[in-house]
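> Have a look; sequence and predicted model below, questions after that.
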Amino acid sequence: MKFVEKSLIISNSLVNEFCYRMVISSPKIAKAANPGQFLEIGCGDYNYPLLKRPISILNIEEDLIEIIYYVIGKGTNMLSKKEPGDLIEIVGPLGNGYSVKDCENHILVGGGYGAPPMVFLANKLLRMNINNIFVCLGSKTKDMILCKEDFLDLDVSLCLATEDGSVGKKGFVTDIVKTVLDNNKGKTAVYSCGPTPMMENLYKVCREYENVLSIQCAMESVMACGIGVCNGCVIKVKENDRVIYKRVCTEGPVFEGAKVVW
Amino acid sequence: MVTEVRIGSLVMKNPVTTGSGTFGYGEEISEFYPLNVLGAVTVKGTSLLPREGNPYQRTCETPSGVLNAIGLQNPGFEVVKDVKIPFLQKQNVPIIINIIGSTVEEYEELAERFDSLPVDAIEINVSCPNVKAGCMAFGTTVEGINSVVTSVRKKTKKPIITKLSPNVTSISEMAIAAEKAGSDAVSLVNTFLGTVIDAKKRAFVLANKTGGLSGPCIKPIALRMVWEVYKAVKIPIIGQGGIMTGEDAIEFIMAGATAVSVGTGNLVNPMCAYNVVREVEEFMAAEGIDNINDIIGCVS
């Protein structure tokens, strides 16, 4: 079930130079949402900006939804000016989230601003009494690593990588995923969110390991409606030996890497 | 309070339908509200064979609007007949099928095939600006409209609605051509041809380079066009262009529309068309309007 819900902002604060963290009370959507699904959030007050903004879910506790958003344009800039007590209109939960696989190891990969949904997913896996969770986060610099603190309280193995080496291993997130795979030989599922080039690289690295049974990637795309009616946000996907367009907002955002035409 | 309107033999319990291409085939929006709240559902443009649509990037937001070049992606006649229409039938709401063709023969063939199916009206799309062949190429000349509408008329007794393009010198001339060729109604407007450029990349934003502009930014122009057409033809008009609220819908009706379509509003808020139905009734109650038909074209 999907809802359009007027939601109360509980808090809205700066995380780093570019990102805000917001807590919203949205009881109906909170109850229905799964990791990897997203919200369409109204940022303006009247007809500007017109369209809602697709934003992933960081975590859910009871009626409260937590998000992290990157201030990238006019819409998210207006969202960053909202204050506790303000109401915003949210549509959700939208799209298909991650499907939890019956595997021994679960590797959660967040590249840059793709880290938030991994917090929600890690919490879900832990509630399902799943152990052997490896969280690999990567970004350009230390300041741009998101959600590190959210994982410190959780029973997961956390590995970091930065391109400038300011925290964790110097290099790409795929380098640390490779190390995890080299050291853990059981059946493995990989769940990822991040920039498309990072996920493409991740998919190509992981498919070399026979024990990796699933590489799920949350794809990004410019959306208009977010609910599947406009057919705008398509990507090319392989299906029955054919290449067809699928909607990121409806058939995705999470796709098996093997299906995506990279 | 009477909200019922008629488009030829199509009876709508209220004047609100949906803009083709902003509502799919109703499946997604039915997760938000029961579709029989609406006067009718107008579905995605449907071709004989499936169409994969244009390459990505297909949409771009503009000030109070959306530019799109989807390219009429649709599953084709067979899937619509076997899957989409049975779904819509269960929703118990009048169905307006929107048909698209690259040639006059394709429109004719689709009209013949849909004539035997449980759809309540056929909307002829001669106004999509985002495909290479057909559609808007027909809708921007009197001859083009005449040939498509005349051919479709021969193949169906169902109400025909001709959807007009605003990308013409005189939309009234196009409406008159549709009326003369046997169209039961006209719907207007489709999107305005436009483009958006990414200055830093020195490139067009849409893969198709140009797209169709819709949303509140086009409303004043659409409203003026509805009024012009109202003065030019006798057949009913379905007005559309940036309707977001009940009051927007009322303005179109006062300009001369018998019914209205909510289009881009569905992309902004899945509940938009539902809200418009409710707000039209609230407006009528507040203003003491007993019958919606009494205010059609009342500003003229």
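Cool, the structure landed.

> going forward, measure contacts between C-alpha atoms and count neighbours the same way
Will do.

> For chain A, what's the nearest residue on the stretch 101-250 of chain B?
Residue nearest to chain A within the stretch 101-250 of chain B (C-alpha to the nearest C-alpha): B:Pro216, separated by 7.4 Å.

> same check, this time on chain B
Per C-alpha to the nearest C-alpha, the residue of chain B with the smallest distance to chain A is B:Leu267, at 4.2 Å.

> Tell me who's in contact with the nearest residue to that residue once chain neighbours are set aside.
Leaving out its chain neighbours, the residue that sits closest to B:Leu267 by C-alpha to C-alpha, 6 or more residues apart in numbering or on different chains is A:Cys225, at 4.2 Å. By C-alpha atoms under 8 Å, 6 or more residues apart in numbering or on different chains, the contact list for A:Cys225 reads A:Leu51, A:Lys52, B:Asn266, B:Leu267, B:Val268.

> TSV for these, including distance to A:Asn231?
Converted to TSV, the contacts of A:Cys225 look like this (distance: C-alpha to C-alpha, whole Å):
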residue	distance to A:Asn231
A:Leu51	15
A:Lys52	16
B:Asn266	13
B:Leu267	11
B:Val268	14
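
> Pretty sure B:Glu281 sits in a strand.
No - B:Glu281: not assigned to a strand; according to DSSP: H, G, I helix; E, B strand; the rest coil it is helix.

> contacting residues for it?
Counted by C-alpha under 8 Å, 6+ apart, B:Glu281 has contacts B:Thr3.

> Give me the pLDDT for it.
Listed pLDDT for B:Glu281 reads 98.

> now A:Leu8
So, for A:Leu8, pLDDT stands at 98.

> do A:Val109 as well
98.

> what's the neighbour count on it?
Here the count is done by other C-alpha atoms under 10 Å in any protein chain shown, and A:Val109 has 30 residues near it.

> now it: how far from A:Cys206?
Note on A:Val109: its distance to A:Cys206, by C-alpha to C-alpha, to the nearest Å, is 12 Å.

> So what's the gap between stretch B:189-202 and the chain middle?
21 Å (C-alpha atoms, centre = their mean, to the nearest Å).

> Any part of it near chain A?
No - counting by C-alpha under 8 Å from any C-alpha of the partner chain, no contacts exist between stretch B:189-202 and chain A, the nearest distance being 13.7 Å.

> contacts for that stretch?
Outside stretch B:189-202, the residues that touch it by C-alpha under 8 Å, 6+ apart are B:60, B:67, B:127-129, B:163-167, B:203-206, B:209-214, B:222, B:225-226, B:239-241.

> Give the buried subset of those as a ChimeraX selection command.
Burial among the contacts of stretch B:189-202 is assessed by 16 or more other C-alpha atoms under 10 Å in any protein chain shown; the matching ChimeraX selection reads:
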select /B:60,67,127,128,129,163,164,165,166,167,205,206,209,210,211,212,213,214,222,225,226,239,240,241
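
> mind listing which of the contacts of stretch B:189-202 are in helices?
B:Ala222, B:Met225, B:Val226 (DSSP state H).

> wait, the last one sits on B:Gly241?
So the one you mean is B:Val226. No - between B:Val226 and B:Gly241 there is no contact under C-alpha atoms under 8 Å: 9.8 Å.

> Give the residues shared as contacts by those two.
Common contact partners of B:Val226 and B:Gly241 (C-alpha under 8 Å, 6+ apart): B:Leu188, B:Val189.

> Count the residues that sit near A:Met128.
Applying other C-alpha under 10 Å, we find 10 residues neighbouring A:Met128.

> so the residue of chain B closest to chain A is in which element?
According to DSSP states H and E, B:Leu267 maps onto helix B:264-268.

> Close to chain A: what parts of chain B are there?
B:21-24, B:28-29, B:31-32, B:52, B:56-61, B:63-66, B:68, B:70, B:73, B:216, B:266-271.

> Identify the residue nearest residue 232 in space, chain neighbours excluded?
Here I'm looking at chain A. For A:Gly232, ignoring the flanking residues on the chain, the nearest one in space by C-alpha to C-alpha, 6+ apart is B:Arg58 at 5.2 Å.

> I was after chain B.
B:Ser172 (6.0 Å).

> Convert the C-alpha atoms of the one helix or strand the one you found maps to to PDB, please.
Using DSSP H and E, B:Ser172 sits in helix B:171-180. This file holds the C-alpha atoms of helix B:171-180, laid out as PDB (Å, rounded to 0.1, in the frame of the first residue of the first chain):
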ATOM      1  CA  ILE B 171      -6.200  26.100 -32.800                       C
ATOM      2  CA  SER B 172      -9.800  27.000 -33.700                       C
ATOM      3  CA  GLU B 173      -9.200  26.000 -37.300                       C
ATOM      4  CA  MET B 174      -8.000  22.600 -36.200                       C
ATOM      5  CA  ALA B 175     -11.100  22.200 -33.900                       C
ATOM      6  CA  ILE B 176     -13.400  23.200 -36.800                       C
ATOM      7  CA  ALA B 177     -11.600  20.600 -39.000                       C
ATOM      8  CA  ALA B 178     -12.200  17.900 -36.400                       C
ATOM      9  CA  GLU B 179     -15.800  18.900 -36.000                       C
ATOM     10  CA  LYS B 180     -16.400  18.800 -39.700                       C
END
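
> Please point out which parts of it sit buried.
For helix B:171-180, a neighbour-count test (16+ other C-alpha under 10 Å) marks B:Ile171, B:Ser172, B:Glu173, B:Met174, B:Ala175, B:Ile176, B:Ala177, B:Ala178, B:Glu179 as buried.

> can you check stretch B:4-11 too?
Buried residues in stretch B:4-11 (16+ other C-alpha under 10 Å): B:Glu4, B:Val5, B:Ile7, B:Gly8, B:Leu10.

> Same question for stretch B:105-118.
The neighbour-count check on stretch B:105-118 (16+ other C-alpha under 10 Å) flags B:Glu106, B:Tyr107, B:Glu108, B:Glu109, B:Leu110, B:Ala111, B:Glu112, B:Phe114, B:Asp115 as buried.

> what residues does it touch?
Applying C-alpha under 8 Å, 6+ apart, the set of residues contacting stretch B:105-118 is B:47-48, B:77, B:81, B:85, B:89, B:99-101, B:122, B:124, B:148, B:151-152, B:155-158.

> mind checking how far that stretch is from the chain centre?
18 Å.

> A:Gly138 should be in a strand, yeah?
Yes - counting by three-state DSSP, one finds A:Gly138 located in a strand.

> Give me the pLDDT value at it.
pLDDT for A:Gly138: 97.

> Quick check: bridge partners of it?
A:Gly138 has the following beta-bridge partners by DSSP bridges: A:Gly111, A:Ala161.

> measure it to B:Arg224 for me?
A:Gly138 is 54 Å from B:Arg224, by C-alpha to C-alpha.
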